[in-house]
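In: Pasted the sequence and its predicted model underneath.
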Amino acid sequence: MRFALLMPGTGHFYCGSCLRDDWLGKALRARGHDVTVVPLYLPLVLEDTASGEEIHMGGINMYLQQKTRVARWLPRWFENCLDRPGLLRWASRRGHMTDAPDLGPMTVSMLKGEHGRQAAELEKLVDWMASQERPDVILLSNALLSGMAGRLKQALDVPIVCTLQGEAPFLDSLPDPHGEEAWAALADAAAAVDAFVPVSRTYGAVVAERLALDSARVHPILNGIELADFDGDPLPLADRDPPTIGFLARLCDDKGLPMLVDAFLQLKKKDAVPGLRLRAAGAVLQEDRDGVERARRRIGAAGFGDSFDVLPNIARTEKIAFLQTLSVLSVPACYGESFGLYLLEAMAAGVPVVQPRCGPFPEVVDATEGGVLCEPDAASLADALASLVTDSARAQELADRGRSAVRERFTSERMAREIEDLCRMIARPG
């Protein structure tokens with residue numbers, strides 16, 4: 001089959017959704033399919049691929065279209081200059097690119113597609129895609145792209161499959177009235193999508209209810225990861241010294257870093273685990289720096305500054321090496337996570353996980369048996385972490401179960417195969 005995979009880039013930091021989509025594209029190619037990746041807004045930042053591809057609907061032009069009607073009269077050569085990957089990458093570092101309260105009007109407009117302020121940019125994308133070999137299926141990375149679905153379907157007459165990952169917490173963070181307007185615009189745009197693929201059943205149920213989607217159009221396909229660099233037997237947990245709690249996600253409050261710091265300090269003050277360390281790795285955006293510094297100050301003020309490491313924006317090889325130093329991993333995000341790829345990565349590296357009993361975490365932990373659940377508060381989290389760090393035999397048993405489950409049932413190849421089966425089912429003959 002021939003797929004067009006539309007993916008929004010971040011410009012300068014690693015994003016779980018981008019990594020998942022990249023793994024999907026590579027796994028589909030490995031299965032013999034033709035996959036054209038179409039980067040949108042900003043350059044893609046991938047773990048082992050340099051993205052120098054043409055950017056469509058470039059973020060600067062999209063922003064100018066939102067802010068001033070004069071932008072509609074800019075000459076095409078100038079618009080093309082604004083879409084240069086180097087310039088977009090530079091611009092992505094300058095602003096608060098993920099600060100939802102500032103993005104409300106633009107989000108609503110983009111979800112309106114050809115009826116929004118970015119209609120001219122959408123037409124340029126449609127014209128480009130019409131000039132390429134026609135795909136059998138268009139894959140949208142997330143539902144925030146569904147504003148373009150109607151126009152693409154009209155121009156290309158192909159089915160559209162849309163992943164559901166991360167939309168709900170973003171839309172719910174938009175200030176009134178833009179949040180409700182965005183949900184309404186998304187519900188309208190969803191009519192042009194043939195199938196929705198939530199990355200967990202839990203998250204799929206949340207979005208399906210909000211959008212009143214017919215269950216026949218919702219096909220949960222659990223995430224899978226690429227395992228190429230997880231070969232070999234991981235170091236046994238009993239041999240990992242000093243005992244270390246890990247955090248692997250964007251280093252922001254929403255991902256639960258303050259709660260994990262609370263739990264860590266409780267354990268340190270009790271001296272429940274001699275020599276215990278906390279290591280936090282992941283993207284640090286401009287708007288995250290204050291939160292990271294607060295964590296440093298809190299731990300330092302308690303006298304444990306030497307026991308806390310921050311590893312910002314690490315690449316794939318660094319990430320795998322980081323995971324091999326951990327005794328347990330926890331990312332206690334309670335804001336409405338859609339899956340949590342970091343759980344699969346930790347398990348693939350032989351690390352058990354501790355997660356709060358909220359969102360998709362019970363689903364993932366139950367399916368893998370690679371960790372334990374706790375109540376979503378610092379005291380319960382501290383107790384659960386201590387129960388594994390002080391019982392290496394139990395922790396190792398969970399780690400082994402989780403690693404086996406990931407290798408057997410949570411691979412990118414399995415994810416691609418299920419996506420392929422769905423797309424064959426809905427693709428139109430001929």
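Out: Nice, thanks for sending it over. Every value quoted in this text rests on a predicted model; they were computed, and no experiment measured them.
In: Which stretches in this structure count as strands?
Out: With strands called from DSSP state E, the chain shows them at 2-8, 34-40, 137-140, 160-164, 195-198, 244-248, 277-282, 308-312, 328-329, 353-356, 371-374.
In: Please convert the ones you listed to a markdown table, extending it with distance to L82.
Out: Glycine gets a C-beta too; all of them are placed from N, C-alpha and C. As requested, those are arranged in a markdown table below (distance: least, CB to CB, whole Å):
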| stretch | distance to L82 |
| --- | --- |
| strand 2-8 | 17 |
| strand 34-40 | 14 |
| strand 137-140 | 24 |
| strand 160-164 | 28 |
| strand 195-198 | 33 |
| strand 244-248 | 35 |
| strand 277-282 | 30 |
| strand 308-312 | 29 |
| strand 328-329 | 41 |
| strand 353-356 | 42 |
| strand 371-374 | 46 |
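In: Can I get those strands in TSV including distance to S173, mean neighbour count and mean pLDDT?
Out: Below are the strands of the chain laid out as TSV (distance: least, CB to CB, whole Å; neighbours: other CB atoms under 10 Å; pLDDT from 0 to 100):
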stretch	distance to S173	mean neighbour count	mean pLDDT
strand 2-8	17	22	96
strand 34-40	21	19	95
strand 137-140	21	25	98
strand 160-164	17	24	98
strand 195-198	19	22	98
strand 244-248	21	25	98
strand 277-282	19	23	97
strand 308-312	23	17	96
strand 328-329	26	27	98
strand 353-356	19	27	98
strand 371-374	25	22	98
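In: Of the ones you listed, which is nearest L235?
Out: Judged by CB to CB, the one of the strands of the chain that comes nearest to L235 is strand 244-248, at 11.9 Å.
In: Could you figure out how far the closest one is turned away from strand 277-282?
Out: If you take axes from the mean of the first three to the mean of the last three CA atoms, to 10 degrees, strand 244-248 sits at 10 degrees to strand 277-282.
In: ok, residues contacting strand 244-248?
Out: 255, 257, 260, 264, 276-282, 319, 322-323, 325-331, 342, 345-346, 351, 385, 389 (CB atoms under 8 Å, 6 or more residues apart in numbering).
In: Same check on stretch 171-189?
Out: Outside stretch 171-189, the residues touching it (CB under 8 Å, 6+ apart) are 100-101, 103-105, 107-108, 111-113, 143-144, 146-147, 149-150, 167, 210-212, 336.
In: where's D306 relative to R296, distance?
Out: From D306 over to R296 the distance is 12 Å, taken as CB to CB, to the nearest Å.
In: Neighbour count: the two, which is higher?
Out: Using other CB atoms under 10 Å as the criterion, D306 and R296 rank with R296 on top: 15 against 9.
In: contacting residues for that one?
Out: 305, 308, 310.
In: Just give me the closest of those to S200.
Out: V310 (28.6 Å).
In: Nearest residue to the closest one in space, ignoring adjacent ones along the chain?
Out: Distance criterion CB to CB, 6 or more residues apart in numbering; nearest residue to V310, sequence neighbours excluded, is A280 at 5.3 Å.
In: ok, so of the contacts of R296, who is nearest W128?
Out: Closest approach to W128 among these (CB to CB): V310, at 41.1 Å.
In: could you check the distance from that closest one over to R89?
Out: On the measure of CB to CB, V310 and R89 end up 23 Å apart.
In: before we move on, what about P234?
Out: Taking CB to CB, one finds P234 at 35 Å from R89.
In: just L381 next, same as before
Out: According to CB to CB, L381 and R89 sit 37 Å apart.
In: Looking at those two, which is more packed in?
Out: In terms of neighbours (other CB under 10 Å), L381 is the more surrounded of L381 and R89; the figures are 26 against 18.
In: From what I see, that one and P258 are in contact.
Out: No - look at L381 against P258 with CB atoms under 8 Å: they stay out of range, at 11.3 Å.
In: mind listing the helices for the stretch 201-350 of the chain?
Out: 201-211, 257-270, 289-301, 316-323, 341-348 (DSSP state H, counting those that start in this stretch).
In: May I have the residues that are in contact with the residue nearest to V310?
Out: A280 neighbours (CB under 8 Å, 6+ apart): 246-248, 251, 257, 260, 292, 295, 308-311.
In: what sits in contact with each of L381 and P258?
Out: Common contact partners of L381 and P258 (CB under 8 Å, 6+ apart): none.
In: Quick one: buried ones out of the contacts of strand 244-248?
Out: 255, 257, 260, 264, 276-282, 319, 322-323, 325-331, 342, 345-346, 351, 385, 389 (16 or more other CB atoms under 10 Å).
In: Span of stretch 193-202 from start to end?
Out: For stretch 193-202, the first-to-last residue distance is 20 Å (CA to CA, to the nearest Å).
In: same thing with stretch 356-376?
Out: Rule used - CA to CA; the end-to-end distance of stretch 356-376 is 5 Å.
In: Show me how far it is from its chain's centre.
Out: 18 Å (CA atoms, centre = their mean, to the nearest Å).
In: Hmm, P39 and L88 touching each other?
Out: No - at 9.6 Å, L88 does not count as touching P39 under the criterion of CB under 8 Å.
In: Give the residues shared as contacts by these two.
Out: Residues touching both L88 and P39 by CB under 8 Å, 6+ apart: I55.
In: Output the below-cut-off pLDDT ranges for the protein.
Out: Along the chain, the parts satisfying pLDDT under 70 run over 47-52, 95-102, 428-430.
In: Walk me through the domains of it.
Out: Using automatic domain parsing, the domains assigned to the chain come out as 2-226+412-426, 237-409.
In: hmm, back to that, for the helices of the stretch 201-350 of the chain, please prepare a markdown table with the additional fields distance to D188.
Out: Converted to a markdown table, the helices of the stretch 201-350 of the chain look like this (distance: least, CB to CB, whole Å):
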| stretch | distance to D188 |
| --- | --- |
| helix 201-211 | 10 |
| helix 257-270 | 36 |
| helix 289-301 | 36 |
| helix 316-323 | 39 |
| helix 341-348 | 30 |
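In: so which of the ones you listed is the most packed in?
Out: Comparing the helices of the stretch 201-350 of the chain by mean neighbour count (mean count of other CB atoms under 10 Å), helix 341-348 comes out on top with a mean of 26.
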